[in-house]
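Participant: Give me the fold of what follows.
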Amino acid sequence: LEVLKSKNVKRPTPIQMQGLTVALSGRDMVGIAFTGSGKTLSFSLPLVMAALEEEARMPLVPGEGPVGIVLAPSRELARQTYEVVTEFCTALDNTIRSQLLIGGESGRDQLQKFRDKGVHCVVATPGRLRDF
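Facilitator: Numbers count the residues shown, from 1 in each chain. This next block holds a predicted model:
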């Protein structure tokens, strides 16, 4: 909740009211909304919550994961989404681990976190994900 307060989120936007409900129920959806309307929160928060539930049931060990994957069409959008996901993961005392998989950076370094600790949440571009 502190992360939401720091972002000045007092009440959910229309896309969040619809998206969070659907995502938390485990259903698929397509959401269309304007830039800045809170779409990223609508899918990243349920992802982190699902990862937290999985970690509580059976903690990830090195080499395991992910619990969920977010695909973004560009490196820039992937990086922005990763920052939001990581902010929620960090708020949970780093219990949940996230990783960014994009081209133009060392693939070996990107996979190291999987080998060392396991990763719950992945944000990737399609090309880099296909590389792995």
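Participant: And the strands in this structure, which stretches?
Facilitator: Remark: strands assigned in the chain by DSSP state E are 68-71, 98-101, 121-124.
Participant: could you dump these to CSV with distance to Val84?
Facilitator: Just so you know, the C-beta spots here come from the backbone N, C-alpha and C atoms, and that holds for glycine as well. Output for the strands of the chain, formatted as CSV (distance: least, Cβ to Cβ, whole Å):
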stretch, distance to Val84
strand 68-71, 10
strand 98-101, 10
strand 121-124, 9
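Participant: just the ones you listed: most buried one?
Facilitator: Ranked by average neighbour count under the criterion mean count of other Cβ atoms under 10 Å, the strands of the chain are headed by strand 121-124 at a mean of 26.
Participant: on that earlier part again, for the strands of the chain, please prepare TSV with the additional fields mean pLDDT and distance to Val9.
Facilitator: Formatted as TSV, the strands of the chain follow (pLDDT from 0 to 100; distance: least, Cβ to Cβ, whole Å):
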stretch	mean pLDDT	distance to Val9
strand 68-71	93	20
strand 98-101	95	20
strand 121-124	96	20
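Participant: Relative to Phe34, which of the ones you listed is closest?
Facilitator: The closest of the strands of the chain to Phe34 is strand 68-71. By Cβ to Cβ, the value is 19.7 Å.
Participant: chain center to the closest one, what's the gap?
Facilitator: 7 Å (Cα atoms, centre = their mean, to the nearest Å).
Participant: contacts for it?
Facilitator: Applying Cβ atoms under 8 Å, 6 or more residues apart in numbering, the external contacts of strand 68-71 come out as 43-44, 47, 50-51, 78, 81, 85, 120-126, 129.
Participant: Highest neighbour count among those residues?
Facilitator: Counting neighbours by other Cβ atoms under 10 Å, the top entry in the contacts of strand 68-71 is Val123, with 28 neighbours.
Participant: Bridged to that residue, which residues?
Facilitator: Val70, Leu100 (DSSP bridges).
Participant: Please look at it and Ala72 and confirm they touch.
Facilitator: Yes. Shown here, Val123 and Ala72 form a contact pair, counting by Cβ atoms under 8 Å, at 6.5 Å.
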